[in-house]
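Got a sequence here, can you model it:
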Amino acid sequence: MTRVHVPIQLRWGDLDAFGHVNNASMLRLLEEARVRAFFRAEDSGSDVPPTAVFAPEVLGTPTGVVTLIARQSIEYLRPVPYGHRPLDVQLWIGRLGGSSIDVCYEVHGRDAADEPVLYARADAVVVLVDIGAGRPVRLDPGMRAAWEPYVEEPVAFTRR
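Sure, this is the predicted structure:
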């Protein structure tokens, strides 16, 4: 199993009145992990995953091509409490489509007794789009080859 592990630090503002991570904040945390896994700044620090396979500029993605979210699903298994340790957001590819990929996530952490906890599972359909034409762009063979090592079974949600 090859996954990208992205440490995500919680912020106080991620909590709701019940003291756990709000559902809208969870979408932002997943987005942060996805952006850090897929896009690298010139000065990317040591907290960015060392893999370059998700980075479009490494794969030669044409200028003017962007990624858009077509669908997202989250299954919460336990409330995520505030903590000082970062969450371990694990990402992998659940499916390579014609112009889209299914990005899968598991949000891991540790409880008060330092036991590992799986807090949530999620997936997102990410579509490559030519922003000028407003049309999907097919994944090229280079992208497929780079992403294939990260393909595993998609998220298995408990209820569907």
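
Flag every buried residue along stretch 11-25.
14-15, 20-21, 25 (16 or more other C-beta atoms under 10 Å). For every residue, glycine as well, the C-beta is placed using N, CA and C.

For that stretch, give me every contacting residue.
10, 28-29, 74, 76, 79-82 (C-beta atoms under 8 Å, 6 or more residues apart in numbering).

Closest to Pro136 out of the buried residues of stretch 11-25?
Ranked by distance to Pro136 (C-beta to C-beta), the buried residues of stretch 11-25 are led by Ser25 at 29.7 Å.

chain center to stretch 27-36: distance?
Centroid displacement of stretch 27-36 relative to its chain, using C-alpha atoms, centre = their mean, to the nearest Å, is 6 Å.

Same question for stretch 148-160.
What separates the centre of stretch 148-160 from the centre of its chain is 13 Å, taken as C-alpha atoms, centre = their mean.

list the buried ones in it?
Residues of stretch 148-160 classed as buried under the neighbour-count rule (16+ other C-beta under 10 Å) are 150-151, 155.

quick one: low-confidence ranges for this structure?
1, 40-63, 160 (pLDDT under 70).

Could I get the full set of helices for this protein?
23-38, 56-59, 141-147 (DSSP state H).

closest one to Cys104 among the ones you listed?
Nearest to Cys104, of those and by C-beta to C-beta, is helix 23-38 at 10.5 Å.

Now that closest one - C-alpha only, CSV.
Output in CSV follows, covering the C-alpha atoms of helix 23-38 (Å, rounded to 0.1, in the frame of the first residue of the first chain):
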residue,chain,number,x,y,z
ASN,A,23,-17.8,19.4,9.3
ALA,A,24,-17.0,22.4,7.2
SER,A,25,-13.6,22.6,8.8
MET,A,26,-13.0,18.9,7.9
LEU,A,27,-13.5,19.8,4.2
ARG,A,28,-10.9,22.6,4.6
LEU,A,29,-8.5,20.1,6.3
LEU,A,30,-8.9,17.6,3.5
GLU,A,31,-8.5,20.4,0.9
GLU,A,32,-5.2,21.5,2.7
ALA,A,33,-3.9,17.9,2.6
ARG,A,34,-4.9,17.6,-1.1
VAL,A,35,-3.3,20.9,-2.1
ARG,A,36,-0.1,20.0,-0.2
ALA,A,37,0.1,16.6,-1.9
PHE,A,38,-0.7,17.9,-5.4
